[in-house]
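Student: got a predicted model here, sequence first, then my questions.
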Amino acid sequence: MLKTRRFPIRMMLRWGMPIGAMGATWSAVVYAAYAVSEFQWLRVPFLPIATVGTAVAFYVGFKNNAAYDRFWEGRKIWGGIVNASRTWAMMVLSYIEPDDEGDQARETRRVLIYRHLAWVNALRLQLRRTSRFFDNPAPTTRRRLEAHAVVMRNDWQKEISPFLSTSEFDAVSAQANSATHLLLSQGKTVAALVSERRLDLFHQIQMMDVVQELYALQGKSERIKATPFPRQYAEFSRWFTRVFVVLLPFGMLDVFAARTAGQASVAETVLSGLPMVVACGVVTWVFVTMEGIGDSSEDPFERSMNDVPMNALSVTIERDLRQMLGETEIPEPEPVTDSIQY
């Protein structure tokens, strides 16, 4: 997620200049065909092109609103995970033999909180395990796919194993949905504590309510991940934008090309076409960027600058819960790299 208040200019130029250059180049080709090659039939009234542009703007605006709703729902889900995590730690520390500072009581509390941290990281890694950008990959992206798989395997070992015993880590890793299995283990542990008379029934009900809430938050995350943005909106928005920017120079001829072919020198022809080239480049940049914003925001659980910063939220949860346990060696906050936090 972008953390700065202002969008970095260098980032805007990096993404915007190729788009603007593409639109300017295409408009220069159209203008040259009109003014130099005397293809007068290329000049069409601007009104129908403007009508198409208005329709595209409305369509792209709808797509962007829907894509932002998906991002914001994902952010609210992870905000709920942060709150539920703190509640879980508070209940573990307050309900499970709070007056007993023996090794058994401390170890039980530590296991329940550490297993929850394993769940947070497991859910994050499961949501990022696959990506829509890897659907039907071209041959040139296969190396990227293989590198992504290696990174995910390494991250799983690195992020999950510190919070679980070796046997539990192996058992969890063998499950198709490791996060679900971890919450199941939490419920079984709480039930065992009631059987051992180390936790009363009323507190068990409250703690199981939190486990139920965590299941609900996990399910909501998986729903967004497993349900792609409706392709009729995503794809037609992209194609409508492309059609508009391709037709744009033909309508711009009606606005800027006041001279007809053969009536001006080469220098005058170039100078008279310059405003049209610049205008087409700017309009192309605006429309293609608007469409791209929605496209990059529709999947909030990828690892990009427009997505939910699950890494940073996971570290925040870990810092809070380990401090609640009384630990002093806690991880540093997730760094901001190039104004982006992942």
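Tutor: It's in.

Student: low pLDDT regions in the stretch 201-342 of the chain?
Tutor: Applying pLDDT under 70 to the stretch 201-342 of the chain picks out residues 257-271, 338-342.

Student: same thing but at 90, please
Tutor: Within the stretch 201-342 of the chain, the segments meeting pLDDT under 90 span 226-238, 251-277, 289-309, 311, 327-342.

Student: can you map out the strands along it?
Tutor: Assigned strands in the stretch 201-342 of the chain: none (criterion: DSSP state E, counting those that start in this stretch).

Student: show me where it has its helices.
Tutor: Here the stretch 201-342 of the chain has its helices, by DSSP state H, counting those that start in this stretch, at 201-226, 231-256, 266-297, 310-324.

Student: which stretches of the stretch 51-200 of the chain have low pLDDT?
Tutor: In the stretch 51-200 of the chain, residues with pLDDT under 90: 61-62, 64, 67-68, 97-103, 128-159, 176.

Student: do that again at 70, thanks
Tutor: Checking the stretch 51-200 of the chain against pLDDT under 70 turns up 131-154.

Student: quick one, helices of it?
Tutor: Counting by DSSP H, counting those that start in this stretch, the helices of the stretch 51-200 of the chain are 103-127, 142-160, 166-173, 178-195.

Student: most tightly surrounded among these?
Tutor: Comparing the helices of the stretch 51-200 of the chain by mean neighbour count (mean count of other CB atoms under 10 Å), helix 103-127 ranks first with a mean of 20. In this view, the C-beta of every residue, glycine as well, is placed from N, C-alpha and C.

Student: if we can go back for a sec, mind checking the helices of the stretch 201-342 of the chain for the one nearest to W26?
Tutor: helix 231-256 (6.2 Å; CB to CB).

Student: in that closest one, what counts as buried?
Tutor: By 16 or more other CB atoms under 10 Å, the buried positions in helix 231-256 come out as 233-234, 237-238, 240-241, 244-245, 247-253, 256.

Student: for those, which one is nearest Q175?
Tutor: A234 (32.6 Å).

Student: I'd guessed the closest one sits against D295; true?
Tutor: Yes. Applying CB atoms under 8 Å, one finds A234 in contact with D295, separated by 6.6 Å.

Student: give me the distance from stretch 210-228 to the chain's centre.
Tutor: Relative to its chain's centre, stretch 210-228 lies at 16 Å (CA atoms, centre = their mean, to the nearest Å).

Student: kindly report the same for stretch 222-234.
Tutor: 13 Å.

Student: contacting residues around it?
Tutor: 62-63, 66-67, 70, 73-74, 77, 127, 132, 294-295, 298-301 (CB atoms under 8 Å, 6 or more residues apart in numbering).

Student: alpha carbons only: can I get it in PDB?
Tutor: Taking Å, rounded to 0.1, in the frame of the first residue of the first chain, the C-alpha atoms of stretch 222-234 are listed here in PDB:
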ATOM      1  CA  GLU A 222     -11.000 -16.400   0.900                       C
ATOM      2  CA  ARG A 223     -14.300 -15.300  -0.700                       C
ATOM      3  CA  ILE A 224     -12.600 -12.200  -2.200                       C
ATOM      4  CA  LYS A 225      -9.500 -14.200  -3.200                       C
ATOM      5  CA  ALA A 226     -11.500 -17.000  -4.900                       C
ATOM      6  CA  THR A 227     -14.100 -14.700  -6.600                       C
ATOM      7  CA  PRO A 228     -12.500 -12.700  -9.400                       C
ATOM      8  CA  PHE A 229     -13.700  -9.300 -10.400                       C
ATOM      9  CA  PRO A 230     -16.500  -9.800 -13.000                       C
ATOM     10  CA  ARG A 231     -14.600 -10.100 -16.200                       C
ATOM     11  CA  GLN A 232     -17.400  -8.500 -18.200                       C
ATOM     12  CA  TYR A 233     -16.600  -5.200 -16.400                       C
ATOM     13  CA  ALA A 234     -12.900  -5.700 -16.300                       C
END
